[in-house]
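1. sequence plus predicted model, see below.
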Amino acid sequence: MTTTSRRVIAIAAFLAAAPALAACGAGTDANTNKPYAPTESQVLIRDGQYGVNGMKVSQAYMLGPDPGGQIPAGGTVPLYLSLTNDGTAPDVLTGVTPDPNAATAAQGGGVQLPVGTLVHTGTGPNPQIQIQGVKAALRGGESIPLTLKFQNAGEVTMVVPVITRNREYATLPPVPGAIPAPPKPSPAATPAGESSGH
């Protein structure tokens with residue numbers, strides 16, 4: 001093997017490894033094939049501490065339509081939360097208030113939060129909290145500011161993403177009233193006896 005062919009092989013090996021090496025140094029933007037959990041962890045960091053008055057929200061998202069579909073303006077979307085009360089006494093999520101420019105109201109609350117227990121508001125086919133009267137059609141990828149109201153911990157305001165119902169979220173119940181994606185046009189059939197080639 002000549003010196004030139006060794007150099008060509010070495011350069012080819014380096015170029016093949018470059019995407020993997022780039023991903024290693026990408027930090028939070030690294031490529032990954034693992035499902036992710038939407039979270040707003042940064043919103044709950046106050047004065048260098050995670051959590052507000054002992055309340056931690058480890059996951060927060062609203063379920064949107066199936067890919068290509070939409071939730072029409074005026075529609076309702078379920079809110080999924082994972083909360084931990086790290087305070088000294090039990091607490092209650094008494095309600096949720098959406099930003100008035102994004103939605104008109106929220107239904108649900110009364111979520112009991114024992115000390116030191118992870119609580120999910122979206123278990124089962126009927127999520128406990130629904131955001132009603134969205135002001136604009138949602139397709140997934142949007143964000144809506146919400147204020148969570150706790151009996152003891154007070155108010156926590158955060159921006160919550162709208163997640164399309166696919167991949168790891170495909171097993172969740174579909175959002176009532178969601179408009180499905182329009183059907184894809186079928187490829188034009190070539191009449192019998194004709195060739196599509198030139």
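-> Perfect, I can see it now.
2. number of residues surrounding Val175?
-> 22 (other Cβ atoms under 10 Å). Placement of C-beta: from N, CA and C, glycine included.
3. quickly find the element holding it.
-> Assigned by DSSP states H and E, Val175 falls within no helix or strand.
4. where does the prediction get shaky in the chain?
-> Across the chain, the ranges flagged by pLDDT under 70 are 1-50, 124-125, 188-198.
5. need the helices for it, in chain order.
-> 3-24 (DSSP state H).
6. show me the strands in it, by range?
-> Here the chain has its strands, by DSSP state E, at 45-46, 49-50, 55-63, 77-85, 91-98, 103-107, 111-113, 118-120, 129-134, 143-150, 154-163.
7. using TSV, lay out those strands together with mean neighbour count and distance to Ala181.
-> Shown next, in TSV, are those (neighbours: other Cβ atoms under 10 Å; distance: least, Cβ to Cβ, whole Å):
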stretch	mean neighbour count	distance to Ala181
strand 45-46	11	38
strand 49-50	10	38
strand 55-63	22	16
strand 77-85	23	17
strand 91-98	20	26
strand 103-107	17	23
strand 111-113	19	33
strand 118-120	15	29
strand 129-134	20	18
strand 143-150	20	22
strand 154-163	18	16
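8. distance to Gly69 added to those, as a markdown table?
-> Converted to a markdown table, these look like this (distance: least, Cβ to Cβ, whole Å):
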| stretch | distance to Gly69 |
| --- | --- |
| strand 45-46 | 35 |
| strand 49-50 | 35 |
| strand 55-63 | 12 |
| strand 77-85 | 12 |
| strand 91-98 | 21 |
| strand 103-107 | 19 |
| strand 111-113 | 29 |
| strand 118-120 | 25 |
| strand 129-134 | 14 |
| strand 143-150 | 18 |
| strand 154-163 | 12 |
